[in-house]
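*Asks:* Requesting a structural model of the entry that follows:
(one chain, ligands or ions: 2)
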Amino acid sequence: MAEYAIAPSILSANFARLGEEVDNVLKSGAEIVHFDVMDNHYVPNLTIGPLVCDALRSHGVTAPIDVHLMVKPVDRIIPDFAKAGATYITFHPDASDHVDRSLQLIRESGCKSGLVFNPATSLSHLDYVMDKVDMILLMSVNPGFGGQSFIPSTLGKLKQARKMIDDSGLDIRLEVDGGVKVNNIREIAAAGADTFVAGSAIFGAVGKDDANDYDTVVGAMKAELAQAK
Ligand code: DX5
Ligand code: ZN
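*Replies:* Ligands and ions are numbered 1, 2, ... in the order given. Predicted coordinates:
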């Protein structure tokens, strides 16, 4: 299994000073920047696009950027995110008419590819494309907003996805997104996740001007994960 990684979702960061927020959360020990792209069509919210990803790279961010597309369709925007410096690009299978083609397009563009599963979406979408994904992302909330509660049935789904990955022998990260907190991250890890998106738990834990507190919450998550091993 891959090393554990914490992926703060910048959806809950202070957008007025995003570069500094990302710097601070990475300094606190988080490994991956989770970048939520919403289009007010696939999900009822509107966020950020390739220009902001590019701006973070220009600002000096070198950590992997994990672009979570909650847009429909997906293909038009994939090369733009690749040019903007995305490391991972993941999308929802129900948002693409041709899932295999979209996955190939991501890799051809030079990025790592992934599929995202809503709480009610079956893992069977992976059946014929396991060899074309670098990341499987299980939503533990319905996509569109930060600050929702973890849906417990995700734990069983994580176990199922972990088995599929292990049986395949492929190098695929298993990421979980939504409602991840210090008090549940250990059991989520025990269910098989290795990559943990957390938005409100990290950026919302403290007053937004007190960047040092990211150390506290990221440190607490890592301490929990150390016990899950
Ligand atoms: C929801 C997004 C998440 C969100 C998670 O659609 O995909 O990444 O930011 O937020 P929390 O951690 O607050 O549930
Ligand atoms: Zn996300």
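
*Asks:* quick one: the strands in the chain?
*Replies:* When assigned using DSSP state E, the strands of the chain occupy the ranges 5-8, 33-38, 65-70, 88-91, 112-117, 135-139, 173-177, 195-198.

*Asks:* I'd like to know which elements the second one is packed against.
*Replies:* Applying 3 or more C-beta pairs under 8 Å, 6 or more residues apart in numbering; DSSP states H and E, one finds that strand 33-38 contacts strand 5-8, helix 18-27, helix 50-59, strand 65-70. For glycine as for every other residue, the C-beta is placed from the backbone atoms N, C-alpha and C.

*Asks:* Any chance of these in JSON lines with mean neighbour count as columns?
*Replies:* Below are the helices and strands packed on strand 33-38 laid out as JSON lines (neighbours: other C-beta atoms under 10 Å):
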{"stretch": "strand 5-8", "mean neighbour count": "26"}
{"stretch": "helix 18-27", "mean neighbour count": "18"}
{"stretch": "helix 50-59", "mean neighbour count": "16"}
{"stretch": "strand 65-70", "mean neighbour count": "26"}
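
*Asks:* Tell me which of these lies nearest to ligand 2.
*Replies:* Closest to ligand 2 of the helices and strands packed on strand 33-38 is strand 65-70 (C-beta to the ion; 3.8 Å).

*Asks:* angle of the closest one against strand 135-139?
*Replies:* 50 degrees (axes from the mean of the first three to the mean of the last three C-alpha atoms, to 10 degrees).

*Asks:* So which elements touch strand 65-70?
*Replies:* Looks like strand 65-70 contacts strand 33-38, helix 50-59, strand 88-91 (3+ C-beta pairs under 8 Å, 6+ apart).

*Asks:* end to end, how far does stretch 57-65 reach?
*Replies:* 9 Å (C-alpha to C-alpha, to the nearest Å).

*Asks:* cool, stretch 118-136 as well?
*Replies:* 11 Å.

*Asks:* Only the buried residues of that stretch, if you could.
*Replies:* Using 16 or more other C-beta atoms under 10 Å as the test for burial, stretch 118-136 gives 118, 121, 125-126, 129-130, 132-136.
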